[in-house]
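Chemist: Below is the sequence, then the predicted model.
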Amino acid sequence: MTPISDSVIPVTRALLSVSDKTGIVDLATALSRHGVELVSTGGTARTLREAGLAVKDVAELTGFPEMMDGRVKTLHPTVHGGLLAVRNDPAHVASMREHGIGAIDLVVVNLYPFEATVAKGAAREEVIENIDIGGPSMVRSAAKNHASVAILTDPADYGAVLAEVAAGGTTLDTRRRLAAKAYAATAAYDAAIAQWFAFADQGEHFPATLPLAFAKAADELRYGENPHQAAALYLPRGPHARGIAQADLIQGKALSYNNLNDADAALELVSEFRDGPPTVVIVKHANPCGVATGETLLDAYRAAFACDTVSAFGGIVAVNRPLDGETAEAIAAIFTEVVVAPDADDAAKAVFAKKKNLRLMLTGALPVPARPGLMVKSIAGGLLVQSRDNGTPGELKVVTQRAPTERELADCRFAWTVAKHVKSNAIVYAKDGSTAGIGAGQMNRLESARIAAWKAKDAADKAGWAEPRTIGCAVASDAFFPFADGLLAAVEAGATAVIQPGGSIRDDEVIAAADAAGLAMVFTGMRHFRH
């Protein structure tokens, strides 16, 4: 048998059955001009006839009417025989001749709008009715037999295929590309259905098979974590919450992997304050280096920047309010990689326009911090999957002889919110709605406490303050103090109140050290490791 898959295949018959009718009339009109017989179904056939085109119903082809509210129309040997037959296999050709099956050279199919139906909150019965059966079957048959059949699942490809039809027929390279795209489309479609059944319909948290479907954003990223690494951004198919991946890039050069990773960290943290006072977050290498609230965004930016003026250079800034021109001027005074905001006024945009490399990303409404969802991390040989860290502690438990004052309690809560977004082991000193010092990612908690205190002193020296902001501050630890030494380092830095999860076998020792130092300490009963 001589293969024909390397030849150009003329298109003499096309089957068109689409839910999204974008461009279908123009496509069918052009095919008809080239002498292609049009076969169609239901609504698509009606649309083409209304445009004045001659169309043969699938029912004429199969000798069977559409039935069961359209559930059964293309699931027939005449259709799938015309798609799957190997054109140069004598046995296949004999079967086609015996059963009156004609070849179909081009299939144009897109599927019932399952994801859109789910997204609009439709009732279960409507969701089920929007699970396409015949469409995916035709797509898969045509894609399998791409040696002879071209499968179109995306209106974006109509023009390229028409050009080939006009030149004499579809090429193998095009048919192979379209087949790969078609299988990806049906895989994503099935994944969306499986997700709905598992998560929405059955309420499973971790199904036996994890169905995920993501589509690559238009352009690949500039590079990965390092310039020698390639990277791309993939967006979830179907209903999903907006995040940094959906933000509008208003200006600036293309984003890298690190830019998006850091901008996501900044957005996640600033979203904790979405309903609070004006707040600014400055992030460097996925860790906050300054966080502050204020009467205005400008006040908050100045306080956040003062926490660590060195690390802020080349950092990511996120705000919880629309940006104004005055705040933009302050941000633009130093080199800043990315600015993330819900919106920006014309004055702010004009300021940033002078910095051609600075990226301005507008998110619209900030994400809800406590939203549900899964976090996925690849490891060698598999994936680690967990629910989002959206837990919030209940009533705080005072464990020391002295209870915190109202101001200390506010500082504790602020420090605790920030610590949740700092890489473990995390120590955060905070005072009056501003971070004083942040210790991140150390192998022991004592070193994090010392580094955070050193940073606070360095900030005070640079600003010319009489004392560091750790004097009279609150300190948050993302996990319990295993020994009293980390707590004592905070005391030495000037902390007067502590918030931590508790739960160490040495809690009594730590509490005693706090009492001896006159500290107020509260337990949350919840830790926030971030690795």
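Modeler: Cool, the structure landed. Numbers count the residues shown, from 1 in each chain.
Chemist: How are the helices of the stretch 1-150 of the chain distributed by residue range?
Modeler: 24-33, 42-50, 58-62, 77-84, 90-99, 114-119, 124-129, 134-144 (DSSP state H, counting those that start in this stretch).
Chemist: rank those by pLDDT, which is bottom?
Modeler: Ranked by mean pLDDT, these bottom out at helix 58-62, with a mean of 73.
Chemist: Buried deepest among the helices of the stretch 1-150 of the chain, which one?
Modeler: helix 134-144 (a mean of 22; mean count of other CB atoms under 10 Å). Yep, even glycine has a C-beta here, placed from its N, CA and C like the rest.
Chemist: What's the first helix or strand after the host helix or strand of D515?
Modeler: D515 is located in helix 507-517, with elements delineated by DSSP states H and E. Next along the chain after helix 507-517, taking DSSP H and E as the criterion, comes strand 520-523.
Chemist: got the contact list for that next one?
Modeler: Here strand 520-523 makes contact (CB atoms under 8 Å, 6 or more residues apart in numbering) with 396-400, 402-405, 408-409, 412, 496-503, 511, 514.
Chemist: are any of these buried, and which?
Modeler: The neighbour count (16 or more other CB atoms under 10 Å) marks 396, 399-400, 404, 408-409, 412, 496-502, 511, 514 as buried among those.
Chemist: residues touching D485, list them.
Modeler: Contacts of D485 (CB under 8 Å, 6+ apart): L446.
Chemist: Show me how far the helix or strand hosting it is from its chain's centre.
Modeler: D485 belongs to helix 484-493 when assigned by DSSP H and E. Relative to its parent chain, helix 484-493 has a centroid offset of 39 Å by CA atoms, centre = their mean, to the nearest Å.
Chemist: That helix vs helix 507-517, what angle?
Modeler: On the basis of axes from the mean of the first three to the mean of the last three CA atoms, to 10 degrees, helix 484-493 is oriented at 20 degrees to helix 507-517.
Chemist: Next, count neighbours for L53.
Modeler: Residues within reach of L53, counting by other CB atoms under 10 Å, total 17.
Chemist: how near is it to V281?
Modeler: Relative to V281, L53 is positioned 57 Å away (CB to CB, to the nearest Å).
Chemist: follow-up on the earlier one: what's in contact with the helix holding D515?
Modeler: 399-402, 480-481, 483-484, 487-488, 491, 498, 504, 520-521.
Chemist: redo that, cut-off 6 Å
Modeler: V399, T400, Q401, F481, A484, L487, V491, M521 (CB atoms under 6 Å, 6 or more residues apart in numbering).
Chemist: where do the strands sit along the stretch 101-250 of the chain?
Modeler: 106-110, 150-152, 214-216, 234-236, 248-251 (DSSP state E, counting those that start in this stretch).
Chemist: what secondary structure does K462 sit in?
Modeler: Per DSSP: H, G, I helix; E, B strand; the rest coil, the local secondary structure of K462 is helix.
Chemist: quick one on the thing from earlier: compare the helices of the stretch 1-150 of the chain and give me the one nearest Y301.
Modeler: Y301 sits nearest to helix 114-119 of all those, at 36.7 Å, using CB to CB.
Chemist: ok, and what's touching the closest one?
Modeler: V127, N130, A192, W196, G238, P239.
Chemist: Could you work out the most separated pair of those residues?
Modeler: N130 and P239 (13.5 Å).
Chemist: how about the helix holding D515: buried residues?
Modeler: Neighbour-count burial for helix 507-517 [16+ other CB under 10 Å]: D507, V510, I511, A513, A514, A517.
Chemist: ditto for stretch 166-173
Modeler: Using 16+ other CB under 10 Å as the test for burial, stretch 166-173 gives G169, T170, T171, L172.
Chemist: quick check: mean pLDDT across it?
Modeler: For stretch 166-173, the mean pLDDT works out to 95.
Chemist: Repeat that for stretch 275-294.
Modeler: What stretch 275-294 shows for mean pLDDT is 97.
Chemist: And it, what's buried?
Modeler: 277-294.
Chemist: next one: it to chain centre, how far?
Modeler: In terms of CA atoms, centre = their mean, the centre of stretch 275-294 is found 21 Å from the chain centre.
Chemist: can you check stretch 46-61 too?
Modeler: Counting by CA atoms, centre = their mean, stretch 46-61 comes out at 41 Å from the chain centroid.
Chemist: Tell me, please, where in the stretch 101-250 of the chain the pLDDT is lower than the cut-off.
Modeler: Applying pLDDT under 70 to the stretch 101-250 of the chain picks out no residues at all.
Chemist: For stretch 284-303, give me every contacting residue.
Modeler: Stretch 284-303 has contacts (CB under 6 Å, 6+ apart) with 261-262, 265, 269, 277-282, 304-305, 307-308, 311, 315, 319, 321, 326-327, 330, 418, 421-423, 433-435, 440.
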